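> Sequence and computational prediction follow.
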Amino acid sequence: MPEMILMEAEEKMEHTILAMHKEFATVRSGRANPKMLDHVTIDYYGVESPINQVASITVPEGTQIYIKPYDKSLVQTIERAIFAANLGFTPMNDGIGIRIVLPPQTEENRRNSVKTIHKIAEDCKVAIRNIRRDAIQHFKKMEKDSTITEDDLRYYEDEVQKLTDKFTDRIDEDFKAKEKDIMSI
């Protein structure tokens with residue numbers, strides 16, 4: 001039973017890391033990335049749909065994104081949605097699709113992006129610590145119910161702490177890598 005709690009805690013921590021990577025992908029680094037548009041949705045026949053479900057998104061060059069809707073009548077709708085999302089770039093409609101040319105990032109934009117990813121990383125660390133707290137509470141309850149001994153409790157607390165340290169180190173490494181990517185010209 002305690003091993004199951006450890007495995008569950010590790011799985012939750014792994015999901016937290018994956019969620020952080022998804023959030024990191026939406027923050028602009030030096031090159032174009034289709035994931036920057038993941039949060040932009042349009043009204044498609046009465047249903048809010050992400051752009052990537054109604055159009056193909058490609059990166060023809062390092063500073064360009066091209067969006068080609070599966071239904072040509074959506075070009076105007078997608079263009080308006082990108083304008084409304086206020087992402088810091090202007091979409092250009094060519095009748096068939098939408099081309100987005102990303103302007104070069106200024107030093108201030110880069111610093112703001114680093115602040116954003118720092119906040120994401122810190123939020124993930126908090127989530128990891130919350131998972132640790134929940135696991136330790138389970139172990140303490142088991143010790144109180146006499147399912148495990150006090151020595152076992154200390155052992156499992158140490159194991160959860162090792163997991164926590166491992167995942168917070170991964171968060172720090174991933175943050176530094178993304179920061180380096182953003183700050184490189």
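That came through fine.

> drop to CA atoms for contacts and neighbour counts, all remaining ones
Noted.

> and the protein, what are its domains?
Following automatic domain parsing, one finds the domains of the chain at 2-26+106-183, 34-101.

> The longest strand along the chain pairs with which strands?
Under DSSP state E, the strand in the chain containing the largest number of residues is strand 64-69. Using DSSP bridges, strand 64-69 pairs in its sheet with strand 55-58 (antiparallel), strand 98-101 (antiparallel).

> can you pull the contacts of the residue sitting furthest away from the middle of the chain?
Distance from the centre of the chain peaks at S146, with 40.6 Å (Cα atoms, centre = their mean). Shown here is S146, which makes no contacts under the criterion Cα atoms under 8 Å, 6 or more residues apart in numbering.

> Check the offset of stretch 27-38 from the chain's centre.
If you compare the mean C-alpha spot of stretch 27-38 with that of the full chain, they lie 12 Å apart, counting by Cα atoms, centre = their mean, to the nearest Å.

> ok, now stretch 79-87?
Worked out by Cα atoms, centre = their mean, stretch 79-87 lies 20 Å from the chain centre.

> As PDB, could you dump the C-alpha coordinates of that stretch?
Coordinates of the C-alpha atoms in stretch 79-87 are reproduced here as PDB (Å, rounded to 0.1, in the frame of the first residue of the first chain):
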ATOM      1  CA  GLU A  79      -7.800  36.400 -38.400                       C
ATOM      2  CA  ARG A  80     -10.100  38.200 -36.000                       C
ATOM      3  CA  ALA A  81      -9.500  35.700 -33.200                       C
ATOM      4  CA  ILE A  82      -5.700  36.200 -33.500                       C
ATOM      5  CA  PHE A  83      -6.200  40.000 -33.400                       C
ATOM      6  CA  ALA A  84      -8.500  39.600 -30.300                       C
ATOM      7  CA  ALA A  85      -6.000  37.400 -28.500                       C
ATOM      8  CA  ASN A  86      -3.500  40.300 -28.500                       C
ATOM      9  CA  LEU A  87      -0.400  38.000 -29.000                       C
END
